[in-house]
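Asker: okay, sequence plus prediction incoming.
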Amino acid sequence: MNLSRNWLNEFVDLHDITDKQFNDEMTLSGSKVETIERLDESLKNVVAGKILSMEKHPDSDHMWVCQLDVGREEPVQIVTGAWNIHVGDLVPAALHKSVLPGGVKIEKGKLRGVPSNGMLCSLKELGLTAEHDFPYAVITPAALLNDYHPIDPAKPSIPADIKPGDKVFGPVAAAKVLECAPQGDGTFHTCLDLGGTTACPDTVCSNLHEGDLVAYNTKSDSICTLADLHAEQREFPHCIADGIFVLREDDVKPGDDIAKVIGYDDSVVEFEITPNRPDCLSVIGLAREASATFKRPLKLHTPEVKGCGGSIAELVDIEIEDGELCPRYTARMVKNVKIAPSPKWMRERLRNSGVRPIEDHRRIADDLAVRAAHHARDAHGLVLVADAEHIRRELAVVAVEGLNDLALTRGADDDPAAVHAGEVEGVHRLAVLRRPSGCVPTPPHATKRVLTR
């Protein structure tokens, strides 16, 4: 069981307790601590930097010489090969003698003869991903015609002397970028020269700069990507969905420690939870232990649940096979779930607890599981509660009938199926969500109803 101490502090205030004290006292009280990892130990001297100016490298066709405000008296010069940055962007800057996850050390030096006092960082270099950690940081690159390299030099799809206004194909024409201004929400306002006329489309493509030659679709008023041109990556080598992490967090200023900005100012505690203490398989369970150990008040939140009427029996079926083993099974339905990015605080807590889900409703389900050992599932089909032997028979039926999407959610520690589910609770019952044969599982992005138990 991994525990984020920042999350624990929501229930028991232990800000003044050091990691060593926490380790010693919790282990002594019966909750054995295996390890404690301080996340910001792997990320040192990396700060937020605001790009003040950008100039082309004198000896490179793809590098930029940037001046950054990093909270010091004088700007810091850093050379980068990334194309997705612009003046005014706030980015992670690894300064001289900084450390990145994985033990990577950054020192000042020269890139093609130009001094560089550090490195601008991507999410990957910070040990993060856009998919799991910062959804807004997904990069959508435009296909730059000035970056075009034909697969067969003798048969280029785009002529080398193409100029603004020339037709590429159909409604797509070459256009020169006159202006590209970030709008603060991940989009850019551009002004394009079409060889006598201009167009000013907004775009999500972040690799645009003044002077670039792009493919512009006059019909859809949009700047083309690789997919729009039906082109291959090797034809546009710098058209890649990778680049510097451009921050859009509130209240971040030049010089701020990036470790705190991304939630690395935390200690992750790994506990060895024995089978007789399933009550400690949640943050609240361990908070109770910490409250008793350090004699601090426990602060629990009482959720406000507002019903909307109707009967849950009309939406899901619950079948209890053995009333003695499971006399009662309770659940609540959440309807009209909207799929959207989950808040930053939730992503940080789950990541620091070792969970990296994707969709927001799954993050909420994981938050419930880690916080209080409550479980949630996509609410489609039949929930069957039975003993382990019955479930084994059910698994055989599934194989014979071709039923799909069997989701094991509860289990006994002597049941291999339950071990596979990863949720051993020391009780001899198992809940299985079954969909009838021929029923197509609901895609995660289409989930509208969630069942919580």
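Answerer: On my side now, so go ahead.
Asker: for Asp202, list each beta-bridge partner.
Answerer: When bridges are called by DSSP bridges, Asp202 pairs up with His189.
Asker: against Leu95, how distant is it?
Answerer: Counting by Cβ to Cβ, to the nearest Å, the gap from Asp202 to Leu95 is 34 Å. Using the backbone N, CA and C atoms, a C-beta is placed for each residue, glycine as well.
Asker: kindly report the same for Gly243.
Answerer: Going from Gly243 to Leu95 by Cβ to Cβ gives 20 Å.
Asker: what's Ala160 sitting at in phi/psi?
Answerer: Reported as degrees, to the nearest 10, the phi and psi values for Ala160 are phi -70, psi -30.
Asker: Ala137 too?
Answerer: Note on Ala137: backbone dihedrals following degrees, to the nearest 10 are phi -90, psi 10.
Asker: ok, Ser42 next?
Answerer: According to degrees, to the nearest 10, Ser42 has phi -90, psi 0.
Asker: got the contact list for Pro153?
Answerer: Shown in contact with Pro153 (Cβ atoms under 8 Å, 6 or more residues apart in numbering): no residues.
Asker: hang on, the earlier thing: who's more crowded, Asp202 and Leu95?
Answerer: More neighbours surround Leu95 than the other of Asp202 and Leu95, with 21 against 14 (other Cβ atoms under 10 Å).
Asker: contacts only, for the more buried one.
Answerer: Neighbouring residues of Leu95 by Cβ under 8 Å, 6+ apart: 45-47, 70, 76, 106, 117-118.
Asker: where along this protein do the helices fall?
Answerer: Assigned by DSSP state H, the helices in the chain fall at 5-8, 19-28, 226-229, 258-261, 283-294, 344-352, 360-372, 388-401, 416-421.
Asker: hmm, who's touching the second one?
Answerer: By Cβ under 8 Å, 6+ apart, the residues outside helix 19-28 that reach it are 5, 14, 17, 32-33, 36, 38, 267, 269, 271, 289-290, 293-294.
Asker: before we move on, the earlier item: can you put the contacts of Leu95 in CSV and add pLDDT and distance to Ala259?
Answerer: Shown next, in CSV, are the contacts of Leu95 (pLDDT from 0 to 100; distance: Cβ to Cβ, whole Å):
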residue, pLDDT, distance to Ala259
Asn45, 96, 10
Val46, 97, 7
Val47, 97, 9
Val70, 96, 15
Val76, 97, 18
Ile106, 95, 15
Asn117, 96, 20
Gly118, 96, 16
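Asker: burial count for Cys121?
Answerer: The local packing of Cys121 (other Cβ under 10 Å) involves 24 other residues.
Asker: can you tell me how far the nearest residue to Leu52 once chain neighbours are set aside is from Ala48?
Answerer: Leaving out its chain neighbours, the residue that sits closest to Leu52 by Cβ to Cβ, 6 or more residues apart in numbering is Gln67, at 4.6 Å. Note on Gln67: its distance to Ala48, by Cβ to Cβ, is 15 Å.
Asker: neighbour count for the two, which is higher?
Answerer: Between Gln67 and Ala48, counted using other Cβ under 10 Å, Ala48 has the larger neighbour count: 23 against 17.
Asker: correct me if wrong: Ile240 contacts Ala142.
Answerer: No. Assessed by Cβ atoms under 8 Å, Ile240 is found out of contact with Ala142, at 11.4 Å.
Asker: neighbour-wise, which of those two wins?
Answerer: Ala142 (30 against 15).
Asker: contacts only, for the more buried one.
Answerer: When contacts are counted by Cβ under 8 Å, 6+ apart, Ala142 touches 203, 205, 207-208, 214-215, 223-225, 239.
Asker: just the pLDDT at it, thanks.
Answerer: pLDDT, Ala142: 94.
Asker: Thr218 versus that one, what's the distance?
Answerer: Counting by Cβ to Cβ, the separation of Ala142 from Thr218 is 16 Å.
Asker: same question for Gly30.
Answerer: The value you get for Gly30 to Thr218, if Cβ to Cβ is used, is 71 Å.
Asker: so which of those two has more stuff around it?
Answerer: Counted by other Cβ under 10 Å, Gly30 and Thr218 do not tie: Thr218 has more neighbours, with 15 against 12.
Asker: my guess is the more buried one meets Val168, correct?
Answerer: No. If you go by Cβ under 8 Å, Thr218 and Val168 don't touch, sitting 10.5 Å apart.
Asker: quick one on the thing from earlier: and of the contacts of Leu95, the nearest to Pro327?
Answerer: Using Cβ to Cβ, Val46 comes nearest to Pro327 of those, at 55.0 Å.
Asker: for Asn276, see how far away the closest one is.
Answerer: Distance from Val46 to Asn276, by Cβ to Cβ: 43 Å.
Asker: list the contacts of Leu178.
Answerer: Counting by Cβ under 8 Å, 6+ apart, Leu178 has contacts 190-193, 198, 210.
Asker: okay, among those residues, which ones form the most distant pair?
Answerer: Longest span within the contacts of Leu178, Cβ to Cβ: Thr198 and Glu210, 13.9 Å.
Asker: do I have it right that Met63 meets Ile78?
Answerer: No. Using Cβ under 8 Å, Met63 makes no contact with Ile78, being 10.8 Å away.
Asker: strands along the stretch 1-150 of the chain, start to end?
Answerer: If DSSP state E, counting those that start in this stretch is used as the criterion, the strands of the stretch 1-150 of the chain fall at 2-4, 33-38, 44-56, 64-69, 76-80, 90-100, 104-106, 109-111, 114-116, 118-120.
Asker: angle of the fourth one against strand 44-56?
Answerer: Counting by axes from the mean of the first three to the mean of the last three Cα atoms, to 10 degrees, strand 64-69 lies at 130 degrees to strand 44-56.
Asker: contacts only, for Ile158.
Answerer: When contacts are counted by Cβ under 8 Å, 6+ apart, Ile158 touches 145, 148, 150, 168.
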